[in-house]
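# attaching a predicted model along with its sequence, questions to come.
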Amino acid sequence: MTTPACPSASLDHPAPLRVSSAKSPPTKPGYHTTSYIVTDFDGAHVCTSKTPFYSAARALLKQGHDPLAVLYMHTDASPNWSLRAPLGRAAKLTVQENAAHGPRVVPYDGERLALLKSNRENPNGN
């Protein structure tokens, strides 16, 4: 089965996204994570994230795009889309992975993530 090519950008939906992977600098000796650089087809940076599709949906909503607009994503390896969803739906999701289970799509909790980030940056609560 062949996946259809991404549609062109229009007023009905944002431009399809292009995703490239790039290794981020190690946060601990010997520890690397992969982050993904997301751009639109004009080369404009949308976001950099471990969860590019869902993070890009949140970024595009902040830019004022219609939550009903369909977001398409493909990798550099193919012009065919690999993921698609309405922006509003994709923005409510993220990927979670830990030692107990592999990657899975879960509801996005921005408040919880902000609290975790705050605690990492200021572990003593000062």
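Perfect, thanks for sending it.

# every contact and neighbour count from this point should use C-alpha atoms.
Fine.

# burial of N80, as a residue count?
By the measure other Cα atoms under 10 Å, the count of residues near N80 is 17.

# let me fix that: N98
Tallying neighbours of N98 according to other Cα under 10 Å, which is how burial is gauged here, yields 8.

# just list whatever residues bridge to it.
With DSSP bridges as the criterion, the beta-bridge partners of N98 are H101.

# number the residues from 896 up from this point.
With the count now opening at 896, the last piece we talked about shows up as N993.

# state the distance from it to R999.
Applying Cα to Cα, to the nearest Å, the value for N993 to R999 is 10 Å.

# likewise D961?
Distance from D961 to R999, by Cα to Cα: 26 Å.

# just A952 next, same as before
Looking at A952 against R999, where the rule is Cα to Cα, the gap reads 17 Å.

# settle it for me: which of these two has more neighbours?
Neighbour tally, A952 and R999, criterion other Cα under 10 Å: the higher count belongs to A952, 28 against 10.

# now do the SS call for the more buried one.
Here A952 takes the helix state, with states given by DSSP: H, G, I helix; E, B strand; the rest coil.

# contact partners for it?
A952 sits next to L966, L982, G983, A985, A986 when contact means Cα atoms under 8 Å, 6 or more residues apart in numbering.

# the same query, at a cut-off of 7 Å, please.
Applying Cα atoms under 7 Å, 6 or more residues apart in numbering to A952 gives the contacts L982, A985, A986.

# just the buried residues from those residues, in PyMOL please.
Under the burial definition 16 or more other Cα atoms under 10 Å, those of the contacts of A952 that qualify are selected in PyMOL by:
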select buried, resi 982+985+986
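
# could the contacts of A952 go into JSON lines alongside distance to I932?
Formatted as JSON lines, the contacts of A952 follow (distance: Cα to Cα, whole Å):
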{"residue": "L982", "distance to I932": "18"}
{"residue": "A985", "distance to I932": "17"}
{"residue": "A986", "distance to I932": "17"}
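
# okay, the contacts of A952 in a markdown table with distance to F948, secondary structure and pLDDT next?
As requested, the contacts of A952 are exported to a markdown table (distance: Cα to Cα, whole Å; DSSP: H, G, I helix; E, B strand; the rest coil; pLDDT from 0 to 100):
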| residue | distance to F948 | secondary structure | pLDDT |
| --- | --- | --- | --- |
| L982 | 10 | helix | 89 |
| A985 | 8 | helix | 93 |
| A986 | 9 | helix | 93 |
